[in-house]
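Asks: Just to be clear, the model below is a prediction. Sequence and coordinates:
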Amino acid sequence: MSATYSYNTTEKLKSRKLLDQLFTKGRSVSVFPVKAFYMPLLSDAEVIVQAGVGVSARNFTKAVHRNRIKRLLRETYRLNKAILQEGLQADQKKAAVFFLYIGKEIPDFVTLNELMPSLLNKLAIAIAKA
RNA sequence: CUACAAACCCGAGCUAUCGUUCCGAUUUUAUCGGGAAGGAAAGUCCGGACAGCGCAGAGCAACCCACCGGUUAAUAGCCGGCUUCCCGGUUUUAACCGGGAAAGAGAAAGUGCCACAGAAAAUAACUACCCACGAUGAAAAUCGGGGGAAAAGGUGAAAAUGUGGGGUAAAAGCUCACGGUCCUGAUUGGUAACAAACGGGAUGGGUAAACCUUGGGUGCUGUAAUGCCACAUAUAGGAUCCUCUGAGGGCUGCUCGCCCAAUUCCGCUUCAUGCGGGAAGGGUCCAGGGUAGGCAGCAAGAUCGUGCCAGUAAUGGCAUGGCCAGAUAAAUGAUAGUUUAGAAACAGAAUCCGGCUUAUGAGGUUUGUAGUUUU
RNA sequence: GCGAAAGUAGCUCAUUUGGUAGAGCACGACCUUGCCAAGGUCGGGGUGGCCGGUUCGAGCCCGGUCUUUCGCU
């Protein structure tokens, strides 16, 4: 449990191939203003969950705003990811997840932090069914 | 002192907890230590470094630049000066002082355009003026076609070098004097642009951010360039063209010129050579398959801080100290407290630099304008 | 990262050597009809994305800026 709040390179979703599959074949769950794409992974993966974050450049033209939102998403995921990990560990499953911000206004930390647990619960249930 | 405008400076610090990325050390995968966005990282408007293309030929085209000198790796930037124009002040028309602006070569090589108005917008005769001729008439005068003439004429953004004298039928730079503008010769000062005064000539409206002319300059493509390693595959399918009489490619958009470019066997014929076929190789297109990893480039540099010196300045030289982001779905963050007058603006590196332009909260400095108060 | 194009009426678009900006649809009024549609007549609506410059005069020429779209890798 020492790495509970970590979010380092191995836990990031990096492969271009996986990302392509995730957006073409994966399913999604959303709690406005965040939409989460998910896909089960083979069991030989190193970590339980690989996750990535993103914002559409169409909604936020300034790079500063996109960076801000991505950082908030990473931070709230980092603080709350134990919910998802424990849910998956119970079912012996692994998954890839991508969080996409679909709102049009810049959120603050407090609201996102309150919202993230419910999204992760939803995700855990949906992946368990899949 | 207040308000507004412009330019410049600055673009938060500290503590705790939880995290990210890079480097180093210890150790063996977790600890410890250190570094971690900007003045514009932006727009991509200029200029370079570096790399590749034949270390890149000639002409044309295209594009760019345009007072002079300096600065620099280089520029369309910057600094200093000249000229012209604008504003303000002093005062006697003009000159001087202060501030600002200039895409500032050529309109006297040529072409085009100049709406409306006006006689006419560039070879200026419509009205009025003058002359002689013809017709009518007693005459004054009127009419007609012809010539002279830019001194007068409502317009217009712009109307043919200004004033005065002479001159004439009436007039006119037609001529003279004093000026304006332009070209040119020599003199003096200045590196030069140019300025001063002198001689000769000209008197030609504007527009070159219209075509253009003159002078000068530019090879093209960009770090996803480029080099290397690893992995994978199809000793791979079809069509078509070519193998020195050469498909095709390259050198700059075009032309010229130049360069690169893949060969042998068999049969027939023959002086040379030509024809047919096979194989191999090269190119183009179609269809399909695989990979999408790593290293270098890549961060010590036209570098930053401080001091001295040279220069009016931009800038340069010397000394000394420092090492200051380096990712690849892409780090540099979150929360709480605290300091402060305030923490709130614009905004996120992706090969790297020099400039320009644009955005920018609070505070500070300087300048200008307006108002108030005191002297 | 590199490059290109566009911005004109509510919408879709014209506007050539620079000289008072137009069409179609839509909108409003009237005619027509028992009523509506179609048709006919008339009308309103524009600081030409924004700022500056050249010119006597800019939608048009030049510079800057903003927004949108597209292409290459």
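Replies: That came through, no problem. Numbers count the residues shown, from 1 in each chain, chains lettered A, B, ... in the order given.

Asks: which bits of chain A sit near RNA strand B?
Replies: A:2-9, A:12-17, A:19, A:52-54, A:62-64, A:67-68, A:70-72, A:74-75, A:78-79, A:108-110 (C-beta under 7 Å from any atom of the strand). C-beta: built from backbone N, CA, C; applies to glycine.

Asks: Are any of these buried, and if so which?
Replies: Among the residues of chain A next to RNA strand B, those classed as buried by 16 or more other C-beta atoms under 10 Å are A:13, A:19, A:52, A:53, A:54, A:70, A:72, A:74, A:75, A:78.

Asks: Please flag which of the residues of chain A next to RNA strand B sit within helices.
Replies: A:16-17, A:19, A:63-64, A:67-68, A:70-72, A:74-75, A:78-79, A:109-110 (DSSP state H).

Asks: and those residues, which two are the farthest apart?
Replies: A:17 and A:110 (36.6 Å; C-beta to C-beta).

Asks: and the least confident helix or strand in chain A by mean pLDDT, which residues are buried?
Replies: Least confident helix or strand of chain A, by mean pLDDT, DSSP states H and E, is helix A:16-25 with a mean of 74. Using 16+ other C-beta under 10 Å as the test for burial, helix A:16-25 gives A:18, A:19, A:22.

Asks: Could you tell me how far residue A:60 is located from residue A:67?
Replies: For residue A:60, the distance to residue A:67 equals 10 Å [C-beta to C-beta, to the nearest Å].
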